[in-house]
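K.L.:
need a 3D model of the sequence below.
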Amino acid sequence: MTDSLRLAPRRLKPSTVALPGSKSISNRTLLLAALSDNACTVRSLLQSDDTARMLEALAALGIRSETLSDGLKVHGCGGRFPVQEADLFLGNAGTAFRPLTAALSVLGGRYTLRGIPRMHERPIGDLVDALRSIGADIRYLEHPGYPPLAIGQRRDNGTRSVSVNGSVSSQFLTALLMALPLTGAAFDIRVAGELISKPYIDITLNLMAQFGVAVANHGYQTFRLPPDARYHAPAVLNVEGDASSASYFLAAGLLSGCPVRVSGVGKNAVQGDTAFARELEKTGADIVWGDDFIQASRPADRPVRAFDIDANHIPDAAMTLAVVALAADAPCTIRNIASWRVKETDRIAAMAAELRKIGAAVEEGADFIRITPPAALTPNAVIDTYDDHRIAMCFSLVSLLGVPVTINDPGCVAKTFPDYFRVFESLTA
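P.N.:
Residues are numbered from 1 along each chain as shown. Prediction:
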């Protein structure tokens with residue numbers, strides 16, 4: 001893709017978008033299928049940089065997969081990777097790096113895990129501390145608390161209760177939940193601090209149950225894993241459409257007033273980011289829910305209403321609301337988003353900087369951002385994307401507000417949605 005992409009102001013036509021598969025579900029499913037004692041055909045798997053890094057890692061660990069006409073068939077290893085020594089490069093895929101760290105630490109071997117420079121700035125110390133408490137051998141190769149990591153052989157110290165900080169990333173808890181059944185022992189996991197992004201833990205628990213391991217959840221504070229657990233895959237698993245990616249198209253329906261429907265995710269979805277649609281309703285959107293779709297629009301005479309939201313439950317999708325705020329009838333606040341600071345970039349700082357280019361007045365704090373929309377948007381803003389797919393996709397929506405905008409490094413969307421800009425263009429009247 002080009003170094004930059006200019007998006008002219010546009011009107012939309014009524015459209016339906018078939019969503020790519022969920023990143024969160026895709027990478028969790030790939031790892032659980034790899035650890036199962038049978039084979040699983042995964043349908044509608046996301047094709048992106050993040051899933052490519054997971055598939056490369058699993059192949060390096062000896063997992064065999066076959067591309068079929070209706071999906072990818074993954075042959076499980078029965079809870080023990082065939083390859084006991086490997087150097088794994090995982091890019092900036094947190095949904096691959098954190099769970100693989102836990103699984104490999106529990107199983108033991110000789111492994112190194114590394115990524116791009118930004119991954120080496122994303123904290124992992126809370127997960128490492130939890131794994132070390134049960135005898136894992138993990139060393140930091142550069143800076144304490146951060147990747148890259150070297151993993152050795154775990155020595156079982158008899159500990160069957162582990163504590164993990166829940167306030168930095170829910171992926172740490174997800175990693176422990178998915179890895180500890182490999183020990184064959186009963187475990188209690190206790191969450192220290194406030195657990196953020198609870199809906200992502202629901203995704204993990206839902207998928208583990210589909211793979212035969214039921215976890216008792218006691219108020220998101222303690223999780224009890226059963227003894228003698230083993231992963232047994234369903235013969236076929238269909239990956240839901242990505243609810244985070246749906247946010248851009250649903251917001252497009254709100255901002256343009258034209259009905260935009262996303263298919264592949266609906267009212268019974270397991271992904272918590274579908275709650276984004278309910279937040280859009282509060283801003284003035286008309287939302288229609290189906291079994292396999294969500295549709296957004298807005299009457300021409302209805303303004304985009306200002307909002308003040310605690311977005312802890314939808315941290316990724318909430319980024320889209322920051323751009324929606326540009327069209328609101330008063331200042332808007334997005335709260336409880338400290339996790340934005342440790343994502344693909346410091347998203348609070350990045351969103352604040354780029355929103356100011358459009359003309360907004362922005363106040364940022366440790367865990368919030370407050371956006372005052374300008375009287376008139378600044379045309380021809382050039383948006384830097386910080387190698388962050390969500391920033392690129394969010395700011396494409398500015399072209400629906402009557403001004404042209406240029407997106408630098410549009411190819412960064414390959415992390416989760418390689419065809420995003422082609423699909424976005426297809427909505428244009």
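K.L.:
can you confirm residue 237 is in a helix?
P.N.:
No - under DSSP: H, G, I helix; E, B strand; the rest coil, residue 237 falls outside any helix and is assigned strand.
K.L.:
residues contacting it?
P.N.:
Taking C-beta atoms under 8 Å, 6 or more residues apart in numbering, we find residue 237 in contact with 29, 33, 40-43, 210. Just so you know, the C-beta spots here come from the backbone N, C-alpha and C atoms, and that holds for glycine as well.
K.L.:
buried among these? Make that a PyMOL selection.
P.N.:
Buried residues within the contacts of residue 237, by 16 or more other C-beta atoms under 10 Å, are selected in PyMOL with:
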select buried, resi 29+33+40+41+42+210
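K.L.:
between the contacts of residue 237, which is nearest residue 366?
P.N.:
The nearest member of the contacts of residue 237 to residue 366, counting by C-beta to C-beta, is residue 29 at 34.3 Å.
K.L.:
per-residue confidence for that closest one?
P.N.:
Per-residue pLDDT puts residue 29 at 98.
K.L.:
my guess is it meets residue 208, correct?
P.N.:
No - look at residue 29 against residue 208 with C-beta atoms under 8 Å: they stay out of range, at 10.6 Å.
K.L.:
now the spatially closest residue to residue 360 that is not a sequence neighbour, what's its secondary structure?
P.N.:
Sequence neighbours aside, residue 371 is the residue nearest to residue 360 in space, at 5.3 Å (criterion: C-beta to C-beta, 6 or more residues apart in numbering). For residue 371, the assignment made with three-state DSSP gives strand.
K.L.:
if we can go back for a sec, wait, which of the contacts of residue 237 is closest to residue 241?
P.N.:
Set against residue 241, the nearest of the contacts of residue 237 by C-beta to C-beta is residue 43 (11.9 Å).
K.L.:
give the bridge partners for the closest one, please.
P.N.:
residue 238 (DSSP bridges).
K.L.:
so what's the residue nearest to residue 360 up against?
P.N.:
By C-beta under 8 Å, 6+ apart, the residues touching residue 371 are 322, 325-326, 331-334, 355, 360-362.
K.L.:
any idea how far residue 28 is from it?
P.N.:
Counting by C-beta to C-beta, to the nearest Å, the separation of residue 371 from residue 28 is 33 Å.
K.L.:
so where do the helices sit in the stretch 51-200 of the chain?
P.N.:
94-107, 125-132, 170-179, 198-210 (DSSP state H, counting those that start in this stretch).
K.L.:
need those in JSON lines with distance to residue 314 and mean pLDDT, can you?
P.N.:
Listed next are the helices of the stretch 51-200 of the chain as JSON lines, based on distance: least, C-beta to C-beta, whole Å; pLDDT from 0 to 100:
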{"stretch": "helix 94-107", "distance to residue 314": "17", "mean pLDDT": "97"}
{"stretch": "helix 125-132", "distance to residue 314": "22", "mean pLDDT": "98"}
{"stretch": "helix 170-179", "distance to residue 314": "12", "mean pLDDT": "98"}
{"stretch": "helix 198-210", "distance to residue 314": "7", "mean pLDDT": "97"}
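K.L.:
who wins for proximity to residue 189 among the ones you listed?
P.N.:
helix 170-179 (5.5 Å).
K.L.:
so that closest one versus helix 94-107, what angle?
P.N.:
Counting by axes from the mean of the first three to the mean of the last three C-alpha atoms, to 10 degrees, helix 170-179 lies at 40 degrees to helix 94-107.
K.L.:
which neighbouring elements make contact with helix 170-179?
P.N.:
Contacts defined by 3 or more C-beta pairs under 8 Å, 6 or more residues apart in numbering; DSSP states H and E place helix 170-179 against helix 23-35, helix 94-107, helix 125-132, strand 161-165, strand 187-192, helix 198-210, strand 222-225.
K.L.:
which parts of this structure belong to which domain?
P.N.:
Per the record, the chain has its domains at 4-20+241-427, 23-238, by the TED database.
K.L.:
please name the residues that touch the residue nearest to residue 248 when sequence neighbours are not counted.
P.N.:
Distances taken as C-beta to C-beta, 6+ apart put residue 393 closest to residue 248, at 5.0 Å, once the chain neighbours are dropped. Listed by C-beta under 8 Å, 6+ apart, the contact set of residue 393 reads 245, 248, 320, 413, 417, 420.
K.L.:
so residue 393: helix, strand or coil?
P.N.:
Residue 393 ends up helix, using three-state DSSP.
K.L.:
give the buried residues for stretch 12-21.
P.N.:
Judged by neighbour count (16+ other C-beta under 10 Å), stretch 12-21 contains these buried residues: 12, 15, 17, 19-21.
K.L.:
start and end of it, how far apart?
P.N.:
Criterion C-alpha to C-alpha, to the nearest Å; first-to-last residue distance in stretch 12-21 is 24 Å.
K.L.:
for residue 85, give its distance to residue 109.
P.N.:
As defined by C-beta to C-beta, residue 85 lies at a distance of 6 Å from residue 109.
K.L.:
these two: who's more crowded?
P.N.:
residue 109 (18 against 9; other C-beta atoms under 10 Å).
K.L.:
my guess is residue 337 contacts residue 351, does it?
P.N.:
No - the criterion here is C-beta under 8 Å, and residue 337 misses it with residue 351 at 9.7 Å.
K.L.:
what do those two both touch?
P.N.:
Common neighbours of residue 337 and residue 351, counting by C-beta under 8 Å, 6+ apart, are residue 369.
K.L.:
which pLDDT value goes with the residue nearest to residue 248?
P.N.:
98.
K.L.:
just the contacts of residue 237 now: which is nearest residue 91?
P.N.:
Minimum distance to residue 91 across those is 18.6 Å, recorded for residue 29 (C-beta to C-beta).
K.L.:
of the helices of the stretch 51-200 of the chain, which approaches residue 384 most closely?
P.N.:
Of all the helices of the stretch 51-200 of the chain, it is helix 94-107 that lies closest to residue 384, at 21.5 Å by C-beta to C-beta.
K.L.:
can you give the distance of that closest one from its chain's centre?
P.N.:
How far helix 94-107 lies from its chain's middle: 16 Å, per C-alpha atoms, centre = their mean, to the nearest Å.
K.L.:
can you list the weak-confidence ranges in the chain?
P.N.:
1 (pLDDT under 70).
K.L.:
next one: the residue lying closest to residue 258 once chain neighbours are set aside from residue 261, what distance?
P.N.:
Among residues not flanking residue 258 along the chain, residue 12 sits closest, at 4.2 Å (C-beta to C-beta, 6+ apart). Using C-beta to C-beta, residue 12 is found at 12 Å from residue 261.
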